[in-house]
Each structure stands twice: as structure tokens, then as C-alpha cells.
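In: quick one, fold the following:
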Amino acid sequence: MERIDVRRLGREPMAFRWEEPAATLGLETEPAFRHAISVEVTARKIGAQVLVNGVASSLIRLECGRCLEAFERTVRADVAIAYREGTPPNRRVDVIGDDEPEASWYEPPFIDPGEDLRQIMLVAMPDYPVCRADCRGLCPQCGANLNLAPCGHKVEGTDGQPGRGVKVPEGEKET
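Out: Residues are numbered from 1 along each chain as shown. Predicted coordinates:
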């Protein structure tokens, strides 16, 4: 795991780039993460805080929410973490309270961003993955994948195309 040496940081951003195996971040049990996580961040020290900003990305394997076919897509997540030196006051290291959901702490002289990156990548996963915008899905009557060939069934309320009846839930975007 790449660590950030706080002793080398100043007010000017210092760039860091590395690739991390999914297993190093604790993502080996997540079936989507079969490839390394690429991390490109800058870090700088401002007062008592260390600010880490940038992007983490990985090619992930998903299952389409419409046709159930497997596909791969790159997921990119913004990284914006403010670290404080030490451990949270009056708290165990492994417990984060509801009043400080964004608090990240480090023990000098290194910052190990592994747990923060793991959480960022998990949150970046799409809620409703779709292999492509025009995916026709499965026929609700016979289960045929309508991307491969029409099955001949007509379902009311879907303009005659069974796969069109599947809509992305409101507030979520297709990937």
C-alpha cells in the first residue's frame, strides 16, 4: 500500500500516482473489482490538516440491471480527504461517530489512505448498472435477451418493446 510521507509535504501540492491491487484495499470479496485501482492525487499540508485530492479509478465488472449480461466499465471517483494527526479524541481507532462522518486521522509520519480509498471506490459503484443506454433488457414473459433477437411477445405499456418497460429508478443515472 502506498503511503504519503507527511514530512515531505508543504503548502504546495505534491503529486502521487500509483496502482493498488484490489485485494490490498480489501476489495477482493467484491466481484466487480478484478483489476487494480489507479490513484492520482495531490497532497499538501495546511496548518494541522493534510488535504488529499484527486481521482481513483478502476475497470470493474458489472451485471446489467436490464439484460443481466456481464460487462466491464471504468469507474472514476473523486478523492477529497482531509486528514488530522493522531487518533480521534475519546474514541477507539476503529469507530467513527455519527457526528464526524468525514473525519480521517493518521499516525505520523505516514498517511495510509487505503481504507478511505476502499470506501470511495465502493460508493462510486453504480446503483443500477446498464450495459448500454439502448439495452432492451429481458422479455418479462419468456426471459429472452432482447438485445440478441426479438422474441415476438408484446407487453402492454411498453410501446411494444418488452425491454423498454424497465426504467432506471428516479434519482439514479444509467452507467
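
In: which neighbours in the sheet does the helix or strand of the chain with the lowest mean pLDDT have, and how are they oriented?
Out: Ranking every helix and strand in the chain by mean pLDDT, DSSP states H and E puts strand 104-106 at the bottom, with a mean of 92. Next to strand 104-106 in the sheet, as set by DSSP bridges, lie strand 70-85 (parallel).

In: C-alpha coordinates for the strand it pairs with, CSV please?
Out: Taking C-alpha atoms only, strand 70-85 is exported to CSV below (Å, rounded to 0.1, in the frame of the first residue of the first chain):
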residue,chain,number,x,y,z
ALA,A,70,-21.8,-9.1,-17.6
PHE,A,71,-19.9,-6.1,-18.9
GLU,A,72,-16.9,-4.0,-17.9
ARG,A,73,-16.8,-0.3,-17.3
THR,A,74,-14.3,2.1,-15.8
VAL,A,75,-15.5,3.7,-12.6
ARG,A,76,-13.9,7.0,-11.6
ALA,A,77,-14.2,8.6,-8.2
ASP,A,78,-13.2,12.0,-6.9
VAL,A,79,-10.9,11.8,-3.9
ALA,A,80,-11.1,14.7,-1.4
ILE,A,81,-9.9,13.8,2.1
ALA,A,82,-8.9,16.0,5.0
TYR,A,83,-6.6,14.2,7.5
ARG,A,84,-5.9,15.1,11.0
GLU,A,85,-2.9,13.9,13.0
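
In: tell me the buried residues in it?
Out: By neighbour count on 16 or more other Cβ atoms under 10 Å, the buried set for strand 70-85 is 71, 75, 77, 79, 81, 83. Every residue, glycine included, has its C-beta placed from N, CA and C.

In: possible to save those residues as CSV with pLDDT?
Out: CSV is the format used below for those (pLDDT from 0 to 100):
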residue, pLDDT
71, 96
75, 95
77, 97
79, 97
81, 96
83, 96
